[in-house]
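Trainee: This is a predicted model, with the sequence first.
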Amino acid sequence: MKLRSMPVRLTRALLLGTLLGVASSPAIALDPSLPPSGNFDLTKWNITLPVDGSGGFSGTPLTILPSQLSAGYAYAPYFYTGVDGAMVFGVPYNGAAGGTSSHPRSELRESNPDDTLRNWKPGDYSGTHIMDAICVVEDVGDGKVSLGQIHGKEPNVPAIILRFDNTVSPARVYCTVKRNPSSLSSQDTLYFTNNIAVGEPITYRLRIDGSATSCLFSVTVNGVTQTIDMYANNSDWADVTFYYKAGAYYTNPDDGETAVVSFYHLNVSHDGDGPAITTATLPNAQLGVAYSQSLAASGGTMPYTWSLVGGALPSGVSLNSAGLISGTPSATGTFNFTAQVSDAASATATRALSLTVEAAATQVVTPVFSPAGGTYTAPQSVALSTATSGAQIRYTIDGTTPSPTYGTLYTGPGTVGASMTIKAIAYKSGLLDSAIATATYTITSGNVVPAIVEAEAATVDSGYWSLVTDSGASGGQALRAVVSSTGSPPAGGGAVYTFTLSSAATVYFHAKGLAGNASANEVWVRVNNGSWTNLNFTWLGSGYKWKRTSASLAAGTHTFEIRCCEANTQIDQVAATLSSSDPN
């Protein structure tokens, strides 16, 4: 089996700024929140899916008509919008197949907006027909997948099939060209690249320049073009009608695998066709916030000129002749309008569109620390709050920035017994996240003891400890030993805490923990890198228990270190007090 690279999500500037050798490429912004028809003009395509009407693979494959596709149709995992806005085609190796093929497909077929099939001859409309595409093969197993076709209708024969081949190493892109429309077995093979990997962009153009007496097929892949004179091969091609196909046709499926192909650009044009507005929907605008969105069109003769011929845009927003809708809306609501595009041959097309302006989103109120950060002579019980009802708060104490998905979820006040900086964020569904709140606490007590700190405030050897969620622990988290250490005391893996005394005292150092199992009772502690003491935690199931040692110390800064012999031992809190009693 060949090694396959992981799929790569591609830079928009690379994919959409230019067509890698195909001229006149538009810059297209793909919106992952929209269905495929929101980013691509699907009014001229139907699609065959690798699934039957009941969602299985044994029946006749589904065919979805242009009227359905352009209305926002999607059917994951076979046809949907990817996380980067791409139009994604997925084909399982055992998907439904039908017609003249025994292989499954998720593939577009050229059609008309009225749901009829579109077929044409090379000499139609002055004879130039082009399909441009940018795609990425995300996965194909050790198989082959067709990315685009020029297909004959009468007779039913694939004139040109462009394939990605991962049955060889390195993978390659090639096309097969039929010599005779009456013979499927008579064909030539044109190779374009033998050094392309899964996850890399493929830009292609399938072009026909035809007339009553000639028919030149040209295929361009990543800037390399090869041309075939089809009439020279066989004059019977003059009587064949054609149509384009694009997507994923799993022509050589690999058992157990799924072919996945993402399209970032797809456009078909025929000489004689007027322009068509391909923008189907517009992203919402926000009151008082600058808005900018370009309309897109295909077909006809460039350049295009745009205008507003019906309805109205929001106050403060306008459409310029280049197709850019921009401005700062000053009113909310949904605004219906009709845009018109004119090409260089004075052919026009119109499309009804709407732009919704929403009220500005409210931001969650920034969390407040109580007491506020500052210098204190004793440990502080610190609470967090936000004035936004129903909002949640997450915080960090290690200098990292919290987010709605990162940091400790705040559930109640906690004790700050040592100097630290706390960062917090508040968030609520439907609202903008709050700003980051930061508070720095400096503890400089007349003696800092008694001081209780959360175990996770330690300086740790990360190879030996991890932070775990535990509802039975203070603050909902505990420090867990992740490896068993050898030796008495253990050779490594310390969790170190720092305490400060302003005058000499006998200090009791406490650790609140539990053993991972009945035999995991080896917890060792020491003060200021001195002699080790075994605290001998017993297995307490879901409960934590305090253990302690003591030391007579001078004024100054001192360290308390914990090491564990057994994995899964957990430490909840540590404390330095002037009493031998348990801290709580």
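Mentor: Sure, I can see it.

Trainee: Please report how far Gln68 lies from Ser146.
Mentor: 23 Å (Cβ to Cβ, to the nearest Å). Every C-beta, even on glycine, is put in place using the N, C-alpha and C of the backbone.

Trainee: These two: which has the busier surroundings?
Mentor: Ser146 (25 against 15; other Cβ atoms under 10 Å).

Trainee: Tell me who's in contact with that one.
Mentor: Contact analysis of Ser146 by Cβ atoms under 8 Å, 6 or more residues apart in numbering lists 105, 107, 161-163, 245, 248-251.

Trainee: can I assume Ala238 sits in a helix?
Mentor: Yes - counting by DSSP: H, G, I helix; E, B strand; the rest coil, Ala238 is found in a helix.

Trainee: per-residue pLDDT, the closest residue to Gly417 other than its chain neighbours?
Mentor: Nearest-residue entry for Gly417: Ala451, 3.5 Å, with adjacent residues in sequence omitted and distances by Cβ to Cβ, 6 or more residues apart in numbering. Turning to Ala451, the model gives it a pLDDT of 70.

Trainee: Wait, Ala451 touches Tyr497, no?
Mentor: No - using Cβ atoms under 8 Å, Ala451 is not in contact with Tyr497, being 9.4 Å away.

Trainee: Between these two, which contacts overlap?
Mentor: Shared contacts of Ala451 and Tyr497, counting by Cβ under 8 Å, 6+ apart, come down to Ala418.

Trainee: Could you tell me which residues within stretch 150-170 count as buried?
Mentor: 150-153, 157-166 (16 or more other Cβ atoms under 10 Å).

Trainee: wait, what's in contact with Thr189?
Mentor: With contact taken as Cβ under 8 Å, 6+ apart, Thr189 is in contact with 174-177.

Trainee: Make JSON lines out of these and add neighbour count.
Mentor: Output for the contacts of Thr189, formatted as JSON lines (neighbours: other Cβ atoms under 10 Å):
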{"residue": "Tyr174", "neighbour count": "18"}
{"residue": "Cys175", "neighbour count": "26"}
{"residue": "Thr176", "neighbour count": "17"}
{"residue": "Val177", "neighbour count": "20"}
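
Trainee: Could you point out which of those residues is nearest to Asn534?
Mentor: Tyr174 (70.7 Å; Cβ to Cβ).

Trainee: The residue nearest to the closest one when sequence neighbours are not counted: neighbouring residues, count only.
Mentor: Nearest non-adjacent residue to Tyr174, counting by Cβ to Cβ, 6+ apart: Tyr191, 4.5 Å away. Number of residues near Tyr191 (other Cβ under 10 Å) recorded here: 13.

Trainee: Shouldn't Tyr191 be within a helix?
Mentor: No - using three-state DSSP, the secondary structure at Tyr191 is strand, not a helix.

Trainee: what's the distance between it and Gln226?
Mentor: 9 Å.

Trainee: Ok, Gly90 next?
Mentor: Distance from Gly90 to Gln226, by Cβ to Cβ: 30 Å.

Trainee: same check, this time on Thr498
Mentor: Applying Cβ to Cβ to Thr498 and Gln226 gives a distance of 71 Å.

Trainee: and what of Asp572?
Mentor: From Asp572 over to Gln226 the distance is 70 Å, taken as Cβ to Cβ.

Trainee: Spatially, what comes nearest to the residue nearest the centre of the chain if we skip its sequence neighbours?
Mentor: Geometric centre of the chain, nearest residue: Val83, 4.3 Å, by Cα atoms, centre = their mean. Nearest-residue entry for Val83: Pro32, 5.5 Å, with adjacent residues in sequence omitted and distances by Cβ to Cβ, 6+ apart.

Trainee: How about Leu295?
Mentor: Nearest non-adjacent residue to Leu295, counting by Cβ to Cβ, 6+ apart: Gly323, 4.1 Å away.

Trainee: Spatially nearest residue to Leu282, not counting backbone neighbours?
Mentor: Leu355 (5.1 Å).

Trainee: again with Gln363
Mentor: Of all residues not flanking Gln363 in the chain, Leu432 sits nearest, at 4.0 Å (Cβ to Cβ, 6+ apart).

Trainee: before we move on, what about Asp142?
Mentor: Going by Cβ to Cβ, 6+ apart, Asp142 has Asp254 as its nearest residue, at 4.6 Å.

Trainee: which residues of the protein score low on pLDDT?
Mentor: Low-confidence segments of the chain (pLDDT under 70): 1-29, 123-126, 184, 212-213, 444-450, 485-487, 517-521, 537-542.

Trainee: Output the contacts of Ser146 as JSON lines; include the columns distance to Ala96 and secondary structure.
Mentor: Below are the contacts of Ser146 laid out as JSON lines (distance: Cβ to Cβ, whole Å; DSSP: H, G, I helix; E, B strand; the rest coil):
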{"residue": "Arg105", "distance to Ala96": "9", "secondary structure": "strand"}
{"residue": "Glu107", "distance to Ala96": "12", "secondary structure": "strand"}
{"residue": "Ile161", "distance to Ala96": "20", "secondary structure": "strand"}
{"residue": "Leu162", "distance to Ala96": "23", "secondary structure": "strand"}
{"residue": "Arg163", "distance to Ala96": "21", "secondary structure": "strand"}
{"residue": "Lys245", "distance to Ala96": "17", "secondary structure": "strand"}
{"residue": "Ala248", "distance to Ala96": "14", "secondary structure": "strand"}
{"residue": "Tyr249", "distance to Ala96": "13", "secondary structure": "strand"}
{"residue": "Tyr250", "distance to Ala96": "11", "secondary structure": "strand"}
{"residue": "Thr251", "distance to Ala96": "15", "secondary structure": "strand"}
